[in-house]
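>>> here you go, sequence then predicted model.
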Amino acid sequence: MTVRSVAAVDLGATSGRVMIGRIGDGRLDLELVSRFPNGPVEREDGLHWDFGALYEHVVAGLAEAVRREPGIESIGIDSWAVDYGLLRDGDLLAEPFHYRDARTARGVDEVHAIAGFDELYRRNGLQFLPFNTLYQYRVDSRLADADAALLIPDLIAFLLTGRAVAEHTNASTTGLLGVDSGEWDAELAERLGIPSRILPTLVDPGETIGTLRADLVARIGKDLPVIAVGSHDTASAVVAAPLSTPHSAYISCGTWGLVGIELTEPVLTDAARDANFTHELGVDRRYRFLHNVTGLWLLSETVRAWEAEDGLAIDLPELLAAASAVTGDVPIFDANDSSLSAPGDMPARIAALLGAAAPSTRPGFARSIVESIAAAFGEAVQTASDLSGRELDSIHLVGGGSLNRLLCQATADRTGLPVLAGPVEATALGNVLVQARALGAAPASLEELRALVAATHEPELFSPR
Ligand code: LRH
């Protein structure tokens, strides 16, 4: 067997990257080609993504990847969920909105007046998040002019190939995909005033979306197929979470902490609905039965505010080391409190939740944040177990949060379960694995793919104390 290579585009809410993935001869590894910042940008009409800049970074990164590794055979794209661009005759109508934009509140009220949350949950199995795409569509006045709506990875794939499709795992985050059928719920869409013509043909991870447009072949340096992967970043991360038994939970931790288990059948109970547990589609039509916990967003926004106050950069590892050294109990707040979701003065908002108990030092404050995230993780792991009736004996914590040792240990301590941390780049690895499988360069089952991850990326164990 020889080593084969693919390019993975992985766009997160705070940064994006293009990577080369190499697989074969017992090897699975990544080479970082480019990393670029991402985040909300304030425009006259609200919070957006600087999509033009992102797209340019993606194309430049792919060109550099091909220059470094001419043997690259395909491209896969994943990103955060729910956000979209509208097309008319192939042109993007406007810059995509950011899911943290406040306009979605009106969408929630209007949608729920037509179809209540109970009915929505029966149909789409999704937890309530105020930015689920259906709420965004409802208040998007440009919808009437559009002939297609594409989620971010599908939009990039369209710009690269000219083919407009909706990849299944990410489509499941719109709220317009039937949880049982896996097909668009056109009836629900029309009832909500969302024209079903904008919902593109669905494709599964592993299908080829198309090949690069001629002008891009020239720019990127090679004629390459774009292969659909688990284009929802969390779906890709769960592919590469080295779960070895159904009794392992996962936490995909970056801006968000996505806490749950993998199921083959949905748990559409009233209790699951009331606990706000979601059924997002996974690769190979598994269900990602999970709950969104506000993750490192709390820490990164806090650090951002302190840096603005000081006019100086803060060294995060240094801050976390100081936070680890804090002795005694720190107060806990509800990491999922809705007051913490918009960008802004995070320390003030957290202090408002903590009241008089708020730690007065920065290390103490950072420790409170980490412990509060871990407490919310612990609660979600317990709820996943209760709702599914499955006993859990370990937690795989993957993504950027796996580098935060304080968080890994606190999660182990608060759950009483061993935490296996890593891989840090689970999302990009999942992206690479699904492409490689489509190319015949990786084994067929998710279990075998995960065994390969486990063999090549040994996790670090945090035992509960
Ligand atoms: C994580 C994520 C998460 C979604 C949120 C919008 O990056 O995709 O799964 O809920 O962003």
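That came through, no problem. Numbers count the residues shown, from 1 in each chain.
>>> who's in contact with residue 365?
For residue 365, the contacting residues are 302, 347, 350, 358, 359, by C-beta atoms under 8 Å, 6 or more residues apart in numbering. For every residue, glycine as well, the C-beta is placed using N, CA and C.
>>> kindly report the same for residue 209.
157, 161, 163, 165, 203, 225, 226, 227, 228 are the contacts of residue 209 under C-beta under 8 Å, 6+ apart.
>>> and for the residue lying closest to the fourth one once chain neighbours are set aside, the neighbour number?
Once flanking residues are discounted, residue 165 sits nearest to residue 203: 4.6 Å by C-beta to C-beta, 6 or more residues apart in numbering. Residue 203 is surrounded by 20 other residues when neighbours are defined as other C-beta atoms under 10 Å.
>>> which pLDDT value goes with residue 203?
At residue 203, the model reports a pLDDT of 98.
>>> surely it and residue 164 touch.
No. Contact criterion C-beta atoms under 8 Å: residue 203 and residue 164 do not qualify, at 10.5 Å.
>>> hey, where'd the strands end up in the stretch 151-300 of the chain?
166-167, 202-203, 208-211, 225-227, 248-253, 256-263, 278-281, 287-294 (DSSP state E, counting those that start in this stretch).
>>> partners of the last one in the sheet?
When pairing is defined by DSSP bridges, strand 287-294 lines up against strand 256-263 (antiparallel), strand 278-281 (antiparallel).
>>> could these be laid out in CSV, adding mean pLDDT and mean neighbour count?
Formatted as CSV, these follow (pLDDT from 0 to 100; neighbours: other C-beta atoms under 10 Å):
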stretch, mean pLDDT, mean neighbour count
strand 256-263, 98, 25
strand 278-281, 98, 26
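>>> between the ones you listed, which one is nearest to the ligand?
The closest approach between the ligand and any of those, judged by C-beta to the nearest ligand atom, belongs to strand 256-263 at 4.6 Å.
>>> how far off strand 248-253 does that closest one point, in degrees?
Computed by axes from the mean of the first three to the mean of the last three C-alpha atoms, to 10 degrees, the angle separating strand 256-263 from strand 248-253 equals 160 degrees.
>>> neighbours around residue 164, how many?
Around residue 164 there are 19 residues (other C-beta under 10 Å).
>>> right, I mislabeled it, should have said residue 352
Residue 352, neighbours per other C-beta under 10 Å, totals 14.
>>> which one of the contacts of residue 365 sits closest to the ligand?
Nearest to the ligand among the contacts of residue 365, with distances taken as C-beta to the nearest ligand atom, is residue 302, at 18.9 Å.
>>> also compute the angle for the helix or strand that contains that closest one relative to strand 287-294, please.
Taking DSSP states H and E as the criterion, residue 302 maps to helix 297-310. Per the same axes, to 10 degrees, the angle that helix 297-310 makes with strand 287-294 is 30 degrees.
>>> could you give the average pLDDT over helix 297-310?
97.
>>> those residues of this protein touching the ligand, which are they?
The chain comes close to the ligand at residues 12-13, 80-82, 99, 232-234, 254-256, 258, 292, as judged by C-beta under 6 Å from any ligand atom.
>>> again, only this time at 8 Å
Within the chain, the residues that sit near the ligand (C-beta under 8 Å from any ligand atom) are 12-13, 79-83, 99, 129, 131, 173, 232-234, 252, 254-256, 258, 280, 292.
>>> now residue 139, nearest residue through space, not along the chain?
That would be residue 107: by C-beta to C-beta, 6+ apart, it lies 4.2 Å from residue 139.
>>> and residue 20, by the same measure?
residue 31 (4.4 Å).
>>> how about stretch 262-270, which residues are buried there?
Buried residues in stretch 262-270, counted by 16 or more other C-beta atoms under 10 Å: 262, 263, 267.
>>> distance between it and the chain's centre?
Taking C-alpha atoms, centre = their mean, to the nearest Å, the mean C-alpha location of stretch 262-270 is offset from the chain mean by 20 Å.
>>> quick check: end-to-end length of it?
In stretch 262-270, first residue to last residue: 19 Å (C-alpha to C-alpha, to the nearest Å).
>>> same thing with stretch 410-422?
Taking C-alpha to C-alpha, the first and last residues of stretch 410-422 lie 16 Å apart.
>>> same deal with stretch 110-126?
Stretch 110-126: ends 18 Å apart by C-alpha to C-alpha.
>>> repeat for stretch 209-216
15 Å.
>>> just how off-centre is that stretch within its chain?
Centre-to-centre, stretch 209-216 and its host chain are 26 Å apart (C-alpha atoms, centre = their mean).
>>> in that stretch, which residues are buried?
209, 210, 211, 212, 216.
>>> tell me the mean pLDDT over that stretch?
The pLDDT scores in stretch 209-216 average 98.
>>> what of stretch 102-116?
Here stretch 102-116 scores 96 as its mean pLDDT.
>>> list the buried ones in that stretch?
For stretch 102-116, by 16+ other C-beta under 10 Å, it's 104, 107, 108, 111, 115.
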